[in-house]
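> This is a predicted model, with the sequence first.
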Amino acid sequence: MAHLLGAQAVSVAFLGRSVLSQVSLGLADGDRVGVVGRNGDGKSTLLGALAGIVKPDAGRVTHPANATVGLLEQSDLVDTQATVRQLVVGEAPDHVWAAQPGTREVVTALLSDISLDAAVATLSGGQRRRAALAQILLDNWDVLCLDEPTNHLDMVAINWLAGHLRQRWPASRGALVVVTHDRWFLDQVATTTWEVQGGQVTPFEGGYAAYVLRRVERERQAAEAAGRRLNLLRKELAWLRRGPPARTSKPKFRLDAAAALIADEPPPRNQIELQRLAMTRLGKDVVDLQGIEAGYGQGPVLQAVDWLIGPGDRLGVLGANGAGKTTLLQVISGALAPTAGRVKRGKTVRLATLHQDLRELAEFEHLPVREVVAGLKAAYQAGGRAAGSWTGGGRDARPGWSAGSQEMTPSALLERLGLGPAHLATLVKDLSGGERRRLQLVLVLATEPNVLILDEPTNDLDTDMLAAVEDLLDGWPGTLLVVTHDRYLMERVTDSQYAILDGHLRHLPGGVEQFLDLAAGRPAPSLGKGEVPAQGPASAAKAIRETKKQLAAVERRLARLKEEHLAVMATMAEVDPTDYSVLSELAAKLDELSGAIAAAEDHWLELSEAASQ
């Protein structure tokens with residue numbers, strides 16, 4: 001393989017702080033590299049140095065005279081005086097560039113909602129970002145460096161970009177270096193991972209899943225003498241082994257190699273325990289949307305939306321940019337009144353939203369973090385592993401947590417999210433974007449909501465901090481609604497997904513893959529039991545109404561079964577542990593109820609899919 005680029009003992013410092021120290025590495029034809037690391041550790045600096053934008057203080061970057069290096073920076077430094085057409089396709093007439101399949105594909109995927117004759121200066125930040133990405137992709141580069149290319153892309157566009165980068169060069173040609181916090185995307189495009197930490201760059205073979213495995217093993221060996229336990233990464237590795245990445249036909253590494261590390265690692269969430277806690281906090285009724293229409297004066301964005309949200313539900317909402325996801329969240333929270341239909345909220349509902357715009361921090365901008373925290377309660381319920389879950393004893397004990405009550409102090413939660421004592425004197429306005437996002441989460445959780453809405457919560461968070469937030473949410477005992485374009489997060493913290501398609505809400509038993517198929521116009525799978533076949537408008541509407549009646553009946557039965565199941569569990573907890581006869585009787589009843597719940601859930605899924613056709 002031909003050598004394309006090399007860094008020799010490269011060092012870079014800013015304001016006296018060493019960002020890269022004596023870094024040596026190389027790129028050859030066929031390399032596909034993902035770059036990970038904490039915010040501020042030098043990932044963007046590394047890309048800038050490789051592309052020749054950042055001049056090293058020591059060392060040098062070399063490449064053959066004929067090798068070309070392209071860089072997409074986070075700052076989107078594009079010519080704002082140009083039109084989108086000039087930026088992307090130059091002066092080529094439409095019939096010329098549109099006749100080129102590669103150019104047509106990029107323009108369609110990234111700029112379908114933007115006029116090519118629009119001035120770049122008039123574009124929104126997200127549109128400008130996509131125009132810059134299109135511009136870099138339409139040039140031929142030997143080495144392509146992309147800094148957070150998925151920013152401002154919806155899930156459909158992210159899926160397209162991953163496919164484009166996989167097919168951009170033959171397997172033995174070209175090199176890709178990508179910085180991204182999107183872990184699903186990283187696993188799709190990278191065959192090598194570089195971890196930037198402490199001024200050094202450590203290579204790992206494989207994508208994100210392989211990186212987590214090798215990092216866990218490395219840290220396990222380093223921690224063995226001190227007897228520390230790697231709870232957080234072990235938990236993420238266990239999910240990677242069991243979750244969607246493990247079910248793909250071509251895993252990036254041998255997942256069986258992780259078995260010894262996670263043999264006793266429980267599932268991320270104890271769903272029965274969390275549901276019991278949620279029922280205690282919320283009761284039976286949470287939010288019920290009936291025939292909702294909503295919009296902003298230019299016709300409805302949402303139409304005929306019916307959605308029953310229950311205690312302990314962990315739901316994800318998918319959809320293209322502008323489909324109405326945020327509108328739906330605003331209707332649920334009460335921030336936007338529907339133009340038609342009815343919203344019923346339970347009497348005990350305490351709802352909080354983690355907004356995209358960090359508005360929760362506005363009143364604290366000129367205060368130090370210490371004073372912000374001082375105004376909070378001494379302790380409150382937050383996330384973490386559920387009380388009474390999986391294994392007893394202290395294996396999962398963490399500072400600031402109470403295993404029985406799940407109470408956590410604000411300072412302990414701050415530290416859990418990477419804001420330690422060193423940050424307490426910092427003014428809120430001087431925090432980095434990721435630090436502000438973490439403080440925002442603390443303030444939202446401090447209100448002790450039992451319904452939590454997360455609207456694009458991953459902005460400005462690095463991969464380690466995303467894992468910490470997911471760990472926190474795993475044990476949060478309430479109803480969770482998530483809107484995100486981060487596929488990894490969506491599949492990690494939610495148990496059921498819905499999509500907004502043409503203004504209507506549709507359940508997705510097949511999860512994200514089903515959404516991508518629907519968005520791409522791919523045919524739906526053949527009809528199964530309980531599904532409604534194609535028919536005329538009148539008969540189809542009648543059939544769907546009947547299916548929805550059956551669905552409501554199954555939901556009521558399922559709720560009764562789950563209540564009975566929780567009641568039996570509560571009874572078991574109070575029985576004398578030596579009374580084997582009673583315990584055996586209750587255990588048999590639990591088995592019977594579990595079977596009935598599983599059958600009812602299968603029936604519900606069939607009816608739900610039929611009703612959404």
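The structure has been received and is ready for your questions. What you see is a predicted model; the values in this text were computed from it and never measured. Residues are numbered from 1 along each chain as shown.

> Please, where are all the helices along the stretch 451-600 of the chain?
463-474, 487-493, 511-519, 537-574, 580-611 (DSSP state H, counting those that start in this stretch).

> Output those helices in a markdown table, with mean pLDDT appended to each entry.
Below are the helices of the stretch 451-600 of the chain laid out as a markdown table (pLDDT from 0 to 100):
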| stretch | mean pLDDT |
| --- | --- |
| helix 463-474 | 82 |
| helix 487-493 | 90 |
| helix 511-519 | 91 |
| helix 537-574 | 71 |
| helix 580-611 | 76 |
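
> Need the winner for burial among those.
Most buried of those, by mean neighbour count (mean count of other C-beta atoms under 10 Å): helix 487-493, with a mean of 24. Every residue, glycine included, has its C-beta placed from N, CA and C.

> And the contacts of that one?
With contacts defined as C-beta atoms under 8 Å, 6 or more residues apart in numbering, helix 487-493 is touched by 155, 158-159, 182-185, 239, 243-244, 268, 314, 316, 318, 457-458, 466, 470, 473-474, 480, 482, 484, 497, 511-512.

> Give me the subset of the residues you listed lying in strands.
When DSSP state E defines the strands, the subset of these inside them is Arg314, Gly316, Leu318, Leu480, Val482, Gln497.

> Most neighbours among those residues, which one?
Within the ones in strands among the contacts of helix 487-493, most neighbours by other C-beta atoms under 10 Å means Leu318, with 29 neighbours.

> Wait, it touches Gly510, no?
No - contact criterion C-beta atoms under 8 Å: Leu318 and Gly510 do not qualify, at 11.5 Å.

> With respect to Arg168, which of the ones in strands among the contacts of helix 487-493 is nearest?
Distances from Arg168 to the ones in strands among the contacts of helix 487-493, taken as C-beta to C-beta, are shortest for Leu318 (26.3 Å).

> can you list residues touching both of Leu318 and Gly510?
Counting by C-beta under 8 Å, 6+ apart, nothing touches both Leu318 and Gly510.

> Next SSE downstream of the helix or strand of the chain with the lowest mean pLDDT?
Lowest mean confidence among the helices and strands of the chain (mean pLDDT, DSSP states H and E): helix 271-282, at a mean of 51. Using DSSP states H and E, the helix or strand that follows helix 271-282 in sequence is strand 287-295.

> one step back: between the ones in strands among the contacts of helix 487-493, which sits nearest Leu146?
Leu318 (23.9 Å).

> show me what contacts that closest one?
Counting by C-beta under 8 Å, 6+ apart, Leu318 has contacts Met155, Lys325, Met490, Gln497, Tyr498, Ala499, Ile500, Leu508, Val512, Phe515.

> In contact with the fifth one, which residues?
With contacts taken as C-beta under 8 Å, 6+ apart, Tyr498 has the following neighbours: Trp307, Leu315, Gly316, Val317, Leu318, Leu505, Arg506, His507, Leu508.

> which of the residues you listed sit farthest apart?
Trp307 and Leu318 (14.0 Å).

> rewinding a little: can I get the helices of the stretch 451-600 of the chain in JSON lines with distance to Gly295?
Formatted as JSON lines, these follow (distance: least, C-beta to C-beta, whole Å):
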{"stretch": "helix 463-474", "distance to Gly295": "31"}
{"stretch": "helix 487-493", "distance to Gly295": "25"}
{"stretch": "helix 511-519", "distance to Gly295": "21"}
{"stretch": "helix 537-574", "distance to Gly295": "23"}
{"stretch": "helix 580-611", "distance to Gly295": "24"}
